[in-house]
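Colleague: Any chance you could fold what I've pasted below:
(4 chains)
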Protein chains: 2
Amino acid sequence: MPPDEAENRSDPGALTRPQPDNDDVNFDIIELLFFAYRDFISDPDAILSKSKFGRAHHRVVHFVNRRPGLTVADLLETLKITKQSLARVLKQLIDSGYIHQVAGHDDRRQRRLYPTQKGRELAMELARPQSRRIAKALRDIDPGGQAAIRQFLKGMVDPQ
Amino acid sequence: MPPDEAENRSDPGALTRPQPDNDDVNFDIIELLFFAYRDFISDPDAILSKSKFGRAHHRVVHFVNRRPGLTVADLLETLKITKQSLARVLKQLIDSGYIHQVAGHDDRRQRRLYPTQKGRELAMELARPQSRRIAKALRDIDPGGQAAIRQFLKGMVDPQ
DNA sequence: AAAATATGTCAACAAAGCTGACATATATGG
DNA sequence: CCATATATGTCAGCTTTGTTGACATATTTT
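Modeller: Have a look, this model is predicted:
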């Protein structure tokens, strides 16, 4: 008799044993990623909760700060959201003076996005606690281990 | 004259240089975490898009499968969401026969949650592509590097 | 000149979070 | 035993951030 069947006999429909890692699945890293990301975004979220902006604004101001001059299309590709979804938050950031847009030099249909000084400061303020968390997590990990971490994270990303 | 001021002279309000890592911030790992997580959740999302469930259901069925018998309070603490938010998705999972609840043995106010066979199968189906992605990212990383990755992810999580 | 492209915008909707208020069952402490 | 605390459920309404579909405008490409 398979173990689950015996289990079900005493408690119909309810599997009572924990589900451990097995050949197919790597539950522990799945969970570590969930917990790490959950707390990683809690830092900027706490700061943003006192402002009129949210997570979506954070992402936009982050990437505009990191890659000044990117186009709207670049940003959509990076964030993997629709232009209507981006439009809402981008408009608020532009209207509030955090981001500045300029028609493209070669292709004047493009809107190239740049942070203002205020935008750069916001991006930095939000990045700081996240960086502190990362620094703490990397402390006591040797250079080889740190390289492995970067390689792993890169390997998790879809090609392109 | 500070460099940003000179920059602003020719292009008012727009900082045009990329923002590199510096002492305060570790932008590259911040971004790697964003991209890794973005694609990590895209696998189960694609499967769920053909069902009546979403990400929130995934999280619930995952943790119930991993820790059968956890209480509603445990789950709230793990997910860090409100009970009203959990109630919506949990009810749907119970009504559809993915999760089963039982009054606590000692404390009968508690509702202990268990996966049904169907629930366990869903959790596994959603975990499988994520595990494949993880396995691929870990391939070519030696045991020491893999230990560093686990240590890093654990270090990113808030204590408790 | 026609077609394609980059962007913006309107409207409606869905998922998943939130707050506040209140109900019920059960446990616990005096 | 009663009063209070706790675990859970539920109603109502709101917010943020995602989605589709349709259509407008400016500019580039063919």
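Colleague: Would you mind giving both backbone torsions of A:Leu70?
Modeller: Backbone torsions of A:Leu70, given as degrees, to the nearest 10, read phi -70, psi 160.
Colleague: Any idea what the closest residue to A:Val72 other than its chain neighbours is bridged to?
Modeller: The spatial neighbour of A:Val72 that comes closest, neighbours along the chain excluded (C-beta to C-beta, 6 or more residues apart in numbering or on different chains), is A:Arg111 at 5.4 Å. (Glycine included, C-beta is placed from N, CA and C.) Per DSSP bridges, the residues bridged to A:Arg111 are A:Ala103.
Colleague: A:Arg111 contacts A:Val102, correct?
Modeller: Yes - A:Arg111 is in contact with A:Val102 according to C-beta atoms under 8 Å; the separation is 7.3 Å.
Colleague: SS state for A:Arg59?
Modeller: In the three-state summary, A:Arg59 is assigned as helix, counting by DSSP: H, G, I helix; E, B strand; the rest coil.
Colleague: How many residues are close by it?
Modeller: The local packing of A:Arg59 (other C-beta atoms under 10 Å in any protein chain shown) involves 20 other residues.
Colleague: which residues does it contact?
Modeller: Taking C-beta atoms under 8 Å, 6 or more residues apart in numbering or on different chains as the criterion, A:Arg59 is in contact with A:Leu79, B:Phe34.
Colleague: where do the strands sit along chain A?
Modeller: Counting by DSSP state E, residue ranges of the strands within chain A are A:70-71, A:99-103, A:111-115.
Colleague: Is there any residue in the longest helix along chain A that contacts chain B?
Modeller: In chain A, ranked by residue count with DSSP state H as the criterion, the top helix is helix A:117-138. Yes - applying C-beta under 8 Å from any C-beta of the partner chain, one finds that helix A:117-138 is in contact with chain B at A:117, A:119-120, A:123-124, A:127-128, A:130-131, A:133-138.
Colleague: who wins for most neighbours among those?
Modeller: Top of the residues of helix A:117-138 next to chain B by neighbour number is A:Gly119, holding 27 neighbours under the definition other C-beta under 10 Å.
Colleague: residues contacting it?
Modeller: The contact partners of A:Gly119, taken as C-beta under 8 Å, 6+ apart, are A:Val61, A:Val64, A:Asn65, A:Leu93, A:Gly97, A:Tyr98, A:Ile99, A:His100, B:Leu15.
Colleague: Might one say that the last one is in contact with A:Arg120?
Modeller: Meaning B:Leu15. Yes - using C-beta under 8 Å as the test, B:Leu15 is close enough to A:Arg120 to be in contact (5.6 Å).
Colleague: which residues do those two both contact?
Modeller: Counting by C-beta under 8 Å, 6+ apart, the shared contacts of B:Leu15 and A:Arg120 are A:Asn65.
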